[in-house]
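# Dropping a prediction and its sequence here:
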Amino acid sequence: MTKKESLQLIERLSNASGVSGFEDDVVAIAKEFSEPFAKVDEDHIRNVYMKVGEHKADKPTIVFDAHSDEVGFIVQAIKPNGTLRFLPLGGWVSNTVPAHRVRIKTANGSEIPGIIASKPPHFMTDAERKEVQTIDDMVIDVGCTSAKEVVEKLNIAIGDPVIPDVTFEYLEATDVMMGKAFDCRIGCACLLETLKELSEKDSEFNLIGTMTAQEEVGERGATVAMNNLQPDLAIVFEGCPADDTFSEEYMIQSGLKRGPMLRNFDVSMITNPRFQRFAKETAEKYGLPMQSSVRKGGGTNGAIINLTNKGVPAIVIGVPVRYAHTHYGYVAYEDYQAAKKLAVAIVSDLTVETIESF
């Protein structure tokens, strides 16, 4: 794919509405993109399965995974004054939430703009000004003055998903992308492009991509997907949190324009050291930039995949995302490109014997 085509794909995925449990728009993009070169299926939790090439029972199966959902919110209640109580879907830090635009997606598919509001400082006591606000202190204002107006004029209901209202931009001068949901839509784009490239080559493996739902609320889609599959190996694409704007140089392990991250450890998984070593050596062999990380927090679908079958060797290829789990993020296009190239190189250099040695 050309750079222009890649950016168009990333833009569509980033702009798509797809908070946890409501990934339908992202699913539609994935199916449209992959149907020309893959056999595509879908389950009831909205996982997408994309089988590439001819699958045979005697061939090892490699799964490529990325999660389709983004962090967002859900309408909890409609207050008498026409504002909305809401709850988070996924991990938010409350001080990043207020004063941002959102869209409430109604049952008929329309998206209603709103603003996350909190008590103005003019009306706060000195004690309130010093307190850290929580989401319980906030509301979504959709410009109404009564609950009746919210329901009858806007068709908003309890349980409607709430999506950060952000539009993708490509900043040509710095070759950086800005937008929402790069965790994990940048991983979804990597997955789709990697599958497309591998579909053009013969392979001694069964290749299947899974775009899994509800990762941000507990890796639920991956759990369902692995019940349906019995993979022998897995590559997990992620939009991983970048650390280069607040860490000392010696601690930077996922900085922008330094290549994709290969994660050795997080609270959910110790990466298979033999597969991890193979991935790092492949990056060195082909001169691909790569960062190695050990994280005391966070987790990925790799943990779920790793605990299936006979303990599936899985690695995480993360594209660094500045300010993940907020409304806005930055991703360097060169990191995205390097992540795709690394995944393709790994699969190209793998053999059946190598997989068995992991």
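Received it, and whenever you're ready, just let me know what you need. Predicted model, so just to flag it, every value in this text is computed and none were measured.
# can you map out the helices along the stretch 151-300 of the chain?
Applying DSSP state H, counting those that start in this stretch to the stretch 151-300 of the chain gives helices spanning 182-198, 220-228, 273-285.
# will you turn those into a markdown table that also has mean neighbour count and distance to residue 298?
In this view, the C-beta of every residue, glycine as well, is placed from N, C-alpha and C. Output for the helices of the stretch 151-300 of the chain, formatted as a markdown table (neighbours: other C-beta atoms under 10 Å; distance: least, C-beta to C-beta, whole Å):
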| stretch | mean neighbour count | distance to residue 298 |
| --- | --- | --- |
| helix 182-198 | 27 | 10 |
| helix 220-228 | 21 | 15 |
| helix 273-285 | 17 | 17 |
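# okay if I get these as TSV plus distance to residue 109 and mean pLDDT?
Output for these, formatted as TSV (distance: least, C-beta to C-beta, whole Å; pLDDT from 0 to 100):
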stretch	distance to residue 109	mean pLDDT
helix 182-198	20	99
helix 220-228	22	96
helix 273-285	41	98
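# could I get these as a markdown table with distance to residue 45?
Shown next, in a markdown table, are the helices of the stretch 151-300 of the chain (distance: least, C-beta to C-beta, whole Å):
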| stretch | distance to residue 45 |
| --- | --- |
| helix 182-198 | 16 |
| helix 220-228 | 5 |
| helix 273-285 | 27 |
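# Could you double-check that residue 159 sits in contact with residue 73?
No: look at residue 159 against residue 73 with C-beta atoms under 8 Å: they stay out of range, at 11.5 Å.
# Which one's more surrounded, those two?
Neighbours were counted for residue 159 and for residue 73 using other C-beta atoms under 10 Å; residue 73 has more, 25 against 11.
# pretty sure the more buried one is in contact with residue 19, am I right?
Yes: here residue 73 reaches residue 19: they are 7.2 Å apart, a contact under C-beta under 8 Å.
# got any residues that touch both of the two?
89, 161-162 (C-beta atoms under 8 Å, 6 or more residues apart in numbering).
# who wins for most neighbours among those residues?
In terms of neighbours by other C-beta under 10 Å, the shared contacts of residue 73 and residue 19 top out with residue 162 at 27 neighbours.
# who's that one bridged to?
Residue 162 has these beta-bridge partners by DSSP bridges: residue 73, residue 104.
# In contact with it, which residues are there?
Per C-beta under 8 Å, 6+ apart, neighbours of residue 162: 19, 72-75, 86, 102-105, 114, 140.
# any chance of those in CSV, plus distance to residue 241 and pLDDT?
Converted to CSV, these look like this (distance: C-beta to C-beta, whole Å; pLDDT from 0 to 100):
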residue, distance to residue 241, pLDDT
19, 18, 99
72, 17, 99
73, 20, 99
74, 23, 99
75, 27, 99
86, 23, 98
102, 22, 99
103, 24, 99
104, 27, 99
105, 26, 99
114, 27, 99
140, 26, 99
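# Buried ones among those residues?
With burial judged by 16 or more other C-beta atoms under 10 Å, the buried subset of the contacts of residue 162 is 19, 72-75, 86, 102-105, 114, 140.
# nearest to residue 222, of those?
residue 19 (17.0 Å; C-beta to C-beta).
# mind checking how far the residue nearest to that closest one when sequence neighbours are not counted is from residue 218?
Using C-beta to C-beta, 6 or more residues apart in numbering and skipping residues adjacent in sequence, the residue nearest residue 19 is residue 72, 3.0 Å away. Computed as C-beta to C-beta, to the nearest Å, the residue 72 to residue 218 distance reads 15 Å.
# next one: residue 117
Counting by C-beta to C-beta - residue 117 and residue 218 are separated by 29 Å.
# got the buried residues for stretch 309-327?
Buried, per 16+ other C-beta under 10 Å, within stretch 309-327: 312-327.
# To clarify, my last question referred to stretch 94-101.
Buried-residue list, stretch 94-101, by 16+ other C-beta under 10 Å: 97-98, 100.
# pLDDT, distance to residue 261 and secondary structure added to the residues you listed, as a markdown table?
Converted to a markdown table, the buried residues of stretch 94-101 look like this (pLDDT from 0 to 100; distance: C-beta to C-beta, whole Å; DSSP: H, G, I helix; E, B strand; the rest coil):
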| residue | pLDDT | distance to residue 261 | secondary structure |
| --- | --- | --- | --- |
| 97 | 97 | 26 | coil |
| 98 | 95 | 30 | coil |
| 100 | 97 | 27 | coil |
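# Domain ranges for the protein, per the record?
Split into domains by automatic domain parsing, the chain comes to 3-70+180-357, 73-164.
# Please identify the deepest-packed of these.
domain 3-70+180-357 (a mean of 20; mean count of other C-beta atoms under 10 Å).
# Start and end of that one, how far apart?
This stretch, domain 3-70+180-357, spans 37 Å end to end (C-alpha to C-alpha, to the nearest Å).
# With that, I have no additional questions.
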